[in-house]
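Student: kindly generate the corresponding structure for this input.
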Amino acid sequence: MLETLKIWWHQGKQWIPNVETTEVPGVFRGRPIIKAGVSVDEAMLLDLCPMDAIQTNPLAIDLGKCSFCGECAFACPDKIQFTKDFKLSHNLREGLVIKEGVDAPIRVDADKVRKEIRRLFGRSLKLRQVSAGGDGSCEMELNATGNVNFDVGRFGIDFVASPRHADGIVLTGPISENMADSFLDAYNAVPDPKVLILAGTDAISGGLFADSAAVKRSVLSDLHVDLYVPGNPVHPLTFVNGVLGLLGKMKH
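Tutor: Next comes the predicted model:
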């Protein structure tokens, strides 16, 4: 017992008591702010972004395409700033577009959430993660949601090994052609009603691989996406808060 107390004293508190209000330490780029009234060369910004995440008329950043590299903010620091706000998830694709002059938090639109999700999964949600051509980064961050720091299991949210034991699918990766059918097999194996979450830039928009002949994103055309979680890779706090928002379990 004494040795255990020594370890606790030495390492301090490792878990995050409140995943909604904590602050991400170190360098972290979260929700961007685009200031109005500051003129910039929009054509330069379009050429600068390798992800085609910059939009014009009005100037906007699509977080579903953004890699959070920060190059646009480096080039125009008076116009674009990245905050440390990690609550980036939305249940509508258009909700990921940050427009010029809008400094508002991103939150799940409760009116657009299917009623059966909160009724059936509000207390327990089992997810099967499918990597459809992912590079491993989002997959590692999702794995971290279950560690001692983030402990997503305390909210009744867990990852399971089989889609037949799951309530939904968390998809990562741009959906390579070789994984398209396997993803659909896993998705169809989940009993109805089911949840579909796209985690990471590659899953949401295809990322850098969006125009590649090696991806097959058409498999998403007939599927309903319940939550989009931006990030390259996804931060565990972004994912945890996004799912809590989807389930209606956010307190702040």
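
Student: can we go C-alpha only for contacts and neighbour counts from here?
Tutor: OK.

Student: state the distance from Q55 to Q81.
Tutor: Distance from Q55 to Q81, counting by CA to CA, to the nearest Å: 16 Å.

Student: next one: V38
Tutor: 12 Å.

Student: do the same with F150
Tutor: As judged by CA to CA, F150 and Q81 stand 27 Å apart.

Student: which residue packs closest to G146, ignoring adjacent ones?
Tutor: Using CA to CA, 6 or more residues apart in numbering and skipping the chain neighbours, the partner closest in space to G146 is V152 (5.4 Å).

Student: check what pLDDT that neighbour gets.
Tutor: For V152, the model assigns a pLDDT of 96.

Student: residue contacts, the residue lying farthest from the centre of the chain?
Tutor: Computed with CA atoms, centre = their mean, the residue of the chain farthest from its C-alpha average is L2, at 41.2 Å. By CA atoms under 8 Å, 6 or more residues apart in numbering, no residues touch L2.

Student: quote the end-to-end distance of stretch 191-205.
Tutor: Stretch 191-205 has an end-to-end distance of 26 Å (CA to CA).

Student: quick one: contacts of it?
Tutor: Stretch 191-205 has contacts (CA under 8 Å, 6+ apart) with 63-67, 116-117, 134, 138, 164, 166-175, 207-210, 224-234, 239.

Student: just the strands from the stretch 1-150 of the chain, written as ranges.
Tutor: For the stretch 1-150 of the chain, the strands defined by DSSP state E, counting those that start in this stretch occupy 32-34, 54-55, 60-62, 80-82, 97-99, 125-131.

Student: tell me which strands and helices the last one is in contact with?
Tutor: Applying 3 or more CA pairs under 8 Å, 6 or more residues apart in numbering; DSSP states H and E, one finds that strand 125-131 contacts strand 157-159, strand 168-172.

Student: now the ones you listed in a markdown table, with mean neighbour count, mean pLDDT and distance to L127?
Tutor: Listed next are the helices and strands packed on strand 125-131 as a markdown table, based on neighbours: other CA atoms under 10 Å; pLDDT from 0 to 100; distance: least, CA to CA, whole Å:
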| stretch | mean neighbour count | mean pLDDT | distance to L127 |
| --- | --- | --- | --- |
| strand 157-159 | 20 | 97 | 5 |
| strand 168-172 | 26 | 98 | 5 |
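
Student: these into a markdown table, with extra columns for distance to L45?
Tutor: Below are the helices and strands packed on strand 125-131 laid out as a markdown table (distance: least, CA to CA, whole Å):
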| stretch | distance to L45 |
| --- | --- |
| strand 157-159 | 39 |
| strand 168-172 | 28 |
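
Student: tell me which of the ones you listed sits nearest to L125.
Tutor: Taking CA to CA, strand 157-159 is the member of those nearest to L125, at 4.8 Å.

Student: elements contacting that closest one?
Tutor: Applying 3+ CA pairs under 8 Å, 6+ apart, we find strand 157-159 packed against strand 125-131.

Student: I'd like the average pLDDT over the strand it packs on.
Tutor: In this model, strand 125-131 has a mean pLDDT of 98.

Student: which positions in it come out as buried?
Tutor: Buried residues in strand 125-131, counted by 16 or more other CA atoms under 10 Å: 125-131.
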